[in-house]
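K.L.:
Build me a structure from this.
(one chain, ligands or ions: 2)
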Amino acid sequence: MEAIILAGGFGTRLRPFTFTKAKSLLPILNEPMISHLIKTLPKKVDTVILAVNYRREQIEDYFFKHDFGKTILVNEEPEPLGTGGAVKFADRYIKGAFFVLNADIICSLNLTEMLRFHKKKKAIVTISLWPVENVSEFGVVDIKKDGTITKFVEKPKAEDAPSDLINAGAYLLEPQVLNYIESGNLVSMEKQIFPQIIQNTGRFFGYKFKGYWCDVGRISSYINVQSLLLEKQKKTFVTGEQCSIKGKLYHSCVGNMVRIGKTTTIESSVLFDNVNVGENVLLDHCVIGEHVEIGDGSILRNVAVGDNERIDKHANLDNSVVWNQPIPEGYPSKQIGNVIGE
Ligand code: GDD
Ligand code: MG
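P.N.:
Numbers count the residues shown, from 1 in each chain. Ligands and ions are numbered 1, 2, ... in the order given. The predicted structure is shown next:
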């Protein structure tokens, strides 16, 4: 069985980190986001198709070095084709019912149970569902008691949302869905394809599950998901290899070869590899990129510091993004695909 992982897209809401890295490789508890996802795939899934474009070479390189016991195919679109176009672009690999997974979700969904549900319902499409308060940022459904979805609206205004149940970013699709998607075009699965399948087939189902669900689409959720996973593992922090930690860490993740000076406090923050934090520093709800230096006595709250940046001694920063290097060529100024209010 095949699973397509949608790991293209620029991850614009996670800049400056996506200026230098593929979103799906950003670390969660010191392990790339995509690796957490692949570990949730049922045994039955023997082939994983990575639908990629931006920073394809980093993703390829990661899978060249790490074995997941499955065939991993890197399928690079010539240009971003959107969530539907990327699925169509992988059609030559599809042999039967297949999974499609957004790469930026960390959750407790059991994909084997979802597959069982899909078969039992004889569904053409099954999508995972999760209740949220801020529906406008997601795809929202109207659902009947038996699980049939009668409406799917991508990023509606709050007053137009049919319910509080959103598309949780994991789908099971029968191969006939591919016939609905035109080749070679920018196609949104959520805006163009799902509504058509609901209307034409009436066999579009929603699968609710229990536990936790996090969309790792923006900096705040990127921090929150790690706090949640730490809590689940009953840990206050994690550190990588060859670190020298003299300060105190709370609810934080620290990569390899990180140095933290004495009387420094790190709270609800994520530090990538090779970070050097001075003495008497406070980092609160910060994400700190690779090879960053943070001078003694600095106080940073809600700050994202991109790779290779330097923070002077006694800096005081609040709610900001630090990036003083050129923006990579071709990197869009805003989210391309599933934009709110488009
Ligand atoms: N290969 C490829 N090509 N992948 C893409 C492309 C593309 O052109 N565009 C986006 N993706 C990938 C992203 O990397 C991400 O893993 C996934 O498709 C979804 O795109 P996002 O840009 O993250 O969409 P979103 O978060 O605004 O909304 C989506 O996820 C929500 C749940 O988190 C939608 O599916 C919503 O309906 C859903 O509720
Ligand atoms: Mg997303």
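
K.L.:
so what's residue 37 up against?
P.N.:
Contacts for residue 37 (C-beta atoms under 8 Å, 6 or more residues apart in numbering) come out as 5, 101, 103, 105-106. (Glycine included, C-beta is placed from N, CA and C.)

K.L.:
between those, which is nearest ligand 1?
P.N.:
Among those, residue 103 lies closest to ligand 1 (C-beta to the nearest ligand atom), at 3.9 Å.

K.L.:
isn't the closest one right up against residue 3?
P.N.:
No - using C-beta atoms under 8 Å, residue 103 is not in contact with residue 3; the gap is 11.1 Å.

K.L.:
residue contacts, the residue in the stretch 151-300 of the chain that ligand 2 sits nearest to?
P.N.:
In the stretch 151-300 of the chain, no residue comes nearer to ligand 2 than residue 217, which is 3.8 Å away by C-beta to the ion. Residue 217 is in contact with 11, 13-14, 104, counting by C-beta under 8 Å, 6+ apart.

K.L.:
So what's the predicted local confidence for it?
P.N.:
Note on residue 217: pLDDT of 86.

K.L.:
Give me the secondary structure label for it.
P.N.:
Recorded secondary structure, residue 217: coil (DSSP: H, G, I helix; E, B strand; the rest coil).

K.L.:
Surely residue 80 is in contact with residue 53?
P.N.:
Yes - between residue 80 and residue 53 there is a contact under C-beta under 8 Å: 5.0 Å.

K.L.:
Could you tell me which residues touch both of these two?
P.N.:
Listed contacts common to residue 80 and residue 53 are 8-9; contacts here mean C-beta under 8 Å, 6+ apart.

K.L.:
Which of the contacts of residue 37 sits closest to residue 20?
P.N.:
residue 103 (17.3 Å; C-beta to C-beta).

K.L.:
residues contacting that closest one?
P.N.:
Counting by C-beta under 8 Å, 6+ apart, the residues that residue 103 touches are 5-7, 23-24, 33-34, 37.

K.L.:
Of the residues you listed, which is the nearest to ligand 1?
P.N.:
Nearest to ligand 1 among the contacts of residue 103, with distances taken as C-beta to the nearest ligand atom, is residue 6, at 3.4 Å.

K.L.:
Report the contact partners of the closest one.
P.N.:
If you count contacts by C-beta under 8 Å, 6+ apart, then residue 6 has 51, 83, 86-87, 100-103 around it.

K.L.:
and residue 79, how far is that from residue 235?
P.N.:
According to C-beta to C-beta, to the nearest Å, residue 79 stands 41 Å off from residue 235.

K.L.:
do the same with residue 283
P.N.:
Distance from residue 283 to residue 235, by C-beta to C-beta: 18 Å.

K.L.:
Looking at these two, which is more packed in?
P.N.:
residue 283 (29 against 12; other C-beta atoms under 10 Å).

K.L.:
pretty sure the more buried one is in a helix, no?
P.N.:
No - assigned with three-state DSSP, residue 283 falls outside any helix and is strand.

K.L.:
Now do the contacts for it.
P.N.:
Neighbours of residue 283 in contact, by C-beta under 8 Å, 6+ apart: 264-267, 269, 271, 277, 294, 300, 303.

K.L.:
The host helix or strand of residue 197: which residues count as buried?
P.N.:
Residue 197 belongs to helix 194-201 when assigned by DSSP states H and E. For helix 194-201, a neighbour-count test (16 or more other C-beta atoms under 10 Å) marks 194, 197-198 as buried.

K.L.:
With stretch 22-34 instead?
P.N.:
Residues of stretch 22-34 classed as buried: 22-30, 32-34 (neighbour count, 16+ other C-beta under 10 Å).

K.L.:
how about those residues, which pair is most distant?
P.N.:
Across those, no pair lies farther apart than 22 and 29, at 17.7 Å, counting by C-beta to C-beta.

K.L.:
start to end distance for stretch 320-333?
P.N.:
Using C-alpha to C-alpha, to the nearest Å, the end-to-end distance of stretch 320-333 comes to 17 Å.

K.L.:
And the contacts of it?
P.N.:
By C-beta under 8 Å, 6+ apart, the surrounding residues in contact with stretch 320-333 are 10, 12, 15-16, 19-20, 302-306, 308-309, 311.

K.L.:
Output these in TSV; the columns should cover neighbour count, pLDDT and secondary structure.
P.N.:
As requested, those are exported to TSV (neighbours: other C-beta atoms under 10 Å; pLDDT from 0 to 100; DSSP: H, G, I helix; E, B strand; the rest coil):
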residue	neighbour count	pLDDT	secondary structure
10	23	88	coil
12	19	91	helix
15	20	94	coil
16	21	96	coil
19	19	95	helix
20	18	94	helix
302	18	97	strand
303	24	98	strand
304	24	98	strand
305	27	98	strand
306	22	98	coil
308	15	97	coil
309	20	98	coil
311	21	98	strand
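
K.L.:
and which of those residues is nearest ligand 2?
P.N.:
residue 12 (10.5 Å).

K.L.:
Give me the distance between the closest one and residue 217.
P.N.:
Residue 12 sits 10 Å away from residue 217, going by C-beta to C-beta.
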